[in-house]
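A.B. asks: I'd like to go over a predicted model; first the sequence, then the structure.
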Amino acid sequence: MQFFNTMLTFNQLKLPFRRSLPFGLSLMVLFSACDLFPDPQLREVRIRAKSSNLGDGAFSPNPVHVPVGGRVRWQNDDVLEHDMVAEAKNGPCVFQSGPIGFGKSFSNSFFKKAICDYYCALHGRTMRGRIIVE
Ligand SMILES: [Cu+2]
């Protein structure tokens with residue numbers, strides 16, 4: 001009888017966990033589904049291989065169009081480090097990535113309608129790009 005009572009208590013303790021399990025699993029499914037549906041406000045720019053010799057062709061697409069409130073993500077496909085620095089020193093276009101290595105990315109959101117020019121400071125402004133926030 002003593003043993004039976006212990007088992008009963010044990011089962012009662014486990015019950016809240018059993019009930020929360022389906023909830024936890026549905027949360028996990030929900031979070032992993034987020035990767036399946038890409039952010040419609042995100043625009044991807046590739047920093048192309050050998051981009052330091054490509055001038056305006058270093059960034060693809062160039063210019064990149066992004067909706068107001070959207071985000072641009074630069075992905076470095078080149079073995080060299082690059083960075084993105086806005087020409088503007090103030091206003092809605094200002095951003096600075098710092099050095100981005102091979103396979104790494106940097107992203108920035110744009111909240112006002114504007115035309116934003118930028119360059120790679122690591123390659124003496126020869127690599128140039130434009131973001132059209134519309
Ligand atoms: Cu560069």
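C.D. replies: It's in.
A.B. asks: Got phi/psi on Asp56?
C.D. replies: Main-chain torsions, Asp56, degrees, to the nearest 10: phi -70, psi -20.
A.B. asks: so what's it scoring on pLDDT?
C.D. replies: With respect to pLDDT, Asp56 scores 91.
A.B. asks: got it, and the one 4 residues further on?
C.D. replies: The predicted local distance difference test score for Ser60 is 98.
A.B. asks: what's the answer for Arg125, then?
C.D. replies: Value for Arg125, per-residue pLDDT: 88.
A.B. asks: Pretty sure it sits in a strand.
C.D. replies: No: per DSSP: H, G, I helix; E, B strand; the rest coil, Arg125 lies outside any strand segment and is coil.
A.B. asks: quick one: secondary structure of the closest residue to Asn62 other than its chain neighbours?
C.D. replies: Distances taken as Cβ to Cβ, 6 or more residues apart in numbering place Gly129 nearest to Asn62, at 5.0 Å, with adjacent residues excluded. C-beta coordinates here come from the backbone N, C-alpha and C atoms, glycine included. Gly129 carries the three-state label strand when classified by three-state DSSP.
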